[in-house]
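Colleague: this one's sequence-less:
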């Protein structure tokens, strides 16, 4: 039984709950949050969302405001991504939904092209071809939608995939090829301009996942390679408004070259006794609050505002990269295209002078900054990608660069030469009953060494337990500890 409480006491309780979270503003959390450093934008987004609290985005023919806002956001996004009048799309709840819809559209069109009305449907399973660095949202889409996968290994030293290797993986069963701009793990660009024309010649669609880069790369200094709808052969794109578009969670845009591709993502039916159903996205009823907040933020910033925020982000990124290059025992993987950096132990140094990235994450957290740990990964060709510490830099990082660099240097000095923590199978049971420990390095080392299926089961158990009303656990995430991969 829950007794009614006053609004003031409810808000006090929420304040106490929220106090356990790491700070979402100020540049101390280098993952999950995208801080523009402009408080007036937060206020604007909150007021816009409040105006649309009662609106149901299910039916833009009833709530005409929904159609206006979505139409404007699609138009602005396609302009930023060099799309012409043939490019259309939808606003979604986030990058995962955008990616799922792009895969659904490609699957529907592949199935239609590979079936004959006079015979049984084509027996072959449609296939998704993607680099190992493509976001797990595409693996999730293949799992949900019944596609097979071909994963192409990337260079362990550069984090980049080879264009010819991607093309060699394509065959008649390929429903969609996925490339990233940039990929999340290493922040490196996939060879979009090299792959797209060859795919177009074979009538194979290409999706560019620009969830992380779509609102950065158009203004990033020195970035000249074509990667968006300016490239013939790019047939769909995803880009997140709630990342470097600076809208509140969750808002993303999925775009298609051609209205027939866009309409293939829809679900519509009259096969029930109720109202006719047509859903452009995965959701039926959906909140219009993030739509309104996104519209307000993009209108307030415009292209000039985004360019200014990108310049601040680029300045901070340049300073942090320069500082990292001077920290003995660490190396930045590959050639990051923008504001995502992955830092590995320097293989050119002897173990006594290397810095273990997992230990670095723990040490830097003690100095007030939260990095993200990425376990090593064995690719299908048995090459290994290194474990790394991941940094996502934002405009507000420019204000705390000196403190961040000091934390990185101090943290590296504290753990340089320490042997990486060995896996501890007992930790799985311990975490399941007690929650995450303060030091995450042994937990991550254990996950890294586990069979992928066992690791997935352990993660599922942990995340399910923290919202289970009948399981009393220590709170994962305290002081910013986390095992999550890049959010969508």
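Modeller: Structure's in. What do you need? Note that the structure is a prediction, hence the values are computed from the model and not measured.
Colleague: for the lowest-mean-pLDDT helix or strand in the chain, give me every contacting residue.
Modeller: Lowest by mean pLDDT, DSSP states H and E among the helices and strands of the chain is helix 426-434, with a mean of 74. The set of residues external to helix 426-434 that reach it, using CB atoms under 8 Å, 6 or more residues apart in numbering, is 437, 442-443, 446, 450, 458, 461-462, 465, 473-474. Placement of C-beta: from N, CA and C, glycine included.
Colleague: next SSE downstream of it?
Modeller: Next along the chain after helix 426-434, taking DSSP states H and E as the criterion, comes helix 441-449.
Colleague: the chain: helices as residue ranges?
Modeller: For the chain, the helices defined by DSSP state H occupy 7-18, 39-51, 64-80, 95-113, 136-145, 163-168, 192-201, 259-263, 289-325, 357-366, 397-415, 426-434, 441-449, 452-465.
Colleague: measure how buried the closest residue to residue 70 other than its chain neighbours is and give me the count.
Modeller: Of all residues not flanking residue 70 in the chain, residue 91 sits nearest, at 4.9 Å (CB to CB, 6 or more residues apart in numbering). Counted by other CB atoms under 10 Å, the residues lying close to residue 91 total 29.
Colleague: residue 91 reaches residue 71, doesn't it?
Modeller: No - using CB atoms under 8 Å, residue 91 makes no contact with residue 71, being 9.5 Å away.
Colleague: before we move on, the earlier item: and the angle from the least confident helix or strand of the chain to helix 452-465?
Modeller: 20 degrees (axes from the mean of the first three to the mean of the last three CA atoms, to 10 degrees).
Colleague: what's the least confident stretch among the helices of the chain?
Modeller: Of all those, helix 426-434 carries the lowest average pLDDT, namely a mean of 74.
Colleague: just want the angle from it to helix 441-449.
Modeller: In terms of direction (the same axes, to 10 degrees), helix 426-434 departs from helix 441-449 by 120 degrees.
Colleague: now helix 426-434: buried residues?
Modeller: 427-428, 431 (16 or more other CB atoms under 10 Å).
Colleague: which pair in the contacts of helix 426-434 spans the largest distance?
Modeller: Distances among the contacts of helix 426-434 were taken as CB to CB; the most separated pair is 450 and 474, at 21.0 Å.
Colleague: domains in the chain, by residue range?
Modeller: 48-297, 426-480 (automatic domain parsing).
Colleague: so of those, which one's packed in deepest?
Modeller: domain 48-297 (a mean of 20; mean count of other CB atoms under 10 Å).
Colleague: show me the contacts for residue 208.
Modeller: Contacts of residue 208 by CB under 8 Å, 6+ apart are 179-181, 192, 227-228, 234, 236-238.
Colleague: distance of it from residue 218?
Modeller: Distance of residue 208 to residue 218, given as CB to CB, to the nearest Å: 13 Å.
Colleague: what sits in contact with each of these two?
Modeller: The contact lists of residue 208 and residue 218 share residue 228, where a contact means CB under 8 Å, 6+ apart.
Colleague: now distance to residue 341 too, for the helices of the chain, in TSV please.
Modeller: Formatted as TSV, the helices of the chain follow (distance: least, CB to CB, whole Å):
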stretch	distance to residue 341
helix 7-18	29
helix 39-51	25
helix 64-80	24
helix 95-113	20
helix 136-145	20
helix 163-168	24
helix 192-201	21
helix 259-263	34
helix 289-325	7
helix 357-366	12
helix 397-415	11
helix 426-434	28
helix 441-449	18
helix 452-465	25
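Colleague: quick check: which of these is nearest to residue 282?
Modeller: Comparing the helices of the chain by CB to CB, helix 95-113 comes nearest, at 5.4 Å.
Colleague: spit out the contact partners of the closest residue in space to residue 229 that isn't next to it in sequence.
Modeller: Once flanking residues are discounted, residue 229 sits nearest to residue 83: 4.1 Å by CB to CB, 6+ apart. Listed by CB under 8 Å, 6+ apart, the contact partners of residue 83 are 228-229, 255, 257.
Colleague: and those, which is closest to residue 274?
Modeller: residue 255 (31.4 Å).
Colleague: just checking, that closest one touches residue 74?
Modeller: Yes - in this structure, residue 255 is within contact of residue 74 by CB under 8 Å, at 7.1 Å.
Colleague: overlap in contacts, the two.
Modeller: 88-89.
Colleague: all the strands of the stretch 151-300 of the chain, residue numbers only.
Modeller: 174-180, 206-209, 234-240, 252-257, 267-269, 277-279 (DSSP state E, counting those that start in this stretch).
Colleague: from residue 167, how far off is residue 214?
Modeller: Relative to residue 167, residue 214 is positioned 24 Å away (CB to CB).
Colleague: and for residue 73?
Modeller: The value you get for residue 73 to residue 167, if CB to CB is used, is 34 Å.
Colleague: could you do residue 17 as well?
Modeller: Distance from residue 17 to residue 167, by CB to CB: 51 Å.
Colleague: and for residue 189?
Modeller: For residue 189, the distance to residue 167 - CB to CB - is 17 Å.
Colleague: tell me the contacts of residue 62?
Modeller: residue 56.
Colleague: and stretch 365-385, which residues are buried?
Modeller: Residues 365, 369-377, 379, 385 are the ones in stretch 365-385 that count as buried (16+ other CB under 10 Å).
Colleague: how distant is that stretch from the center of its chain?
Modeller: Centroid separation for stretch 365-385 versus its chain: 15 Å, with CA atoms, centre = their mean, to the nearest Å.
Colleague: end to end, how far does that stretch reach?
Modeller: Terminal residues of stretch 365-385 are spaced 24 Å apart (CA to CA, to the nearest Å).
Colleague: check stretch 53-61 too.
Modeller: Here the two ends of stretch 53-61 are set 18 Å apart, with distance taken as CA to CA.
Colleague: what's the average pLDDT for it?
Modeller: So the average pLDDT for stretch 53-61 ends up being 87.
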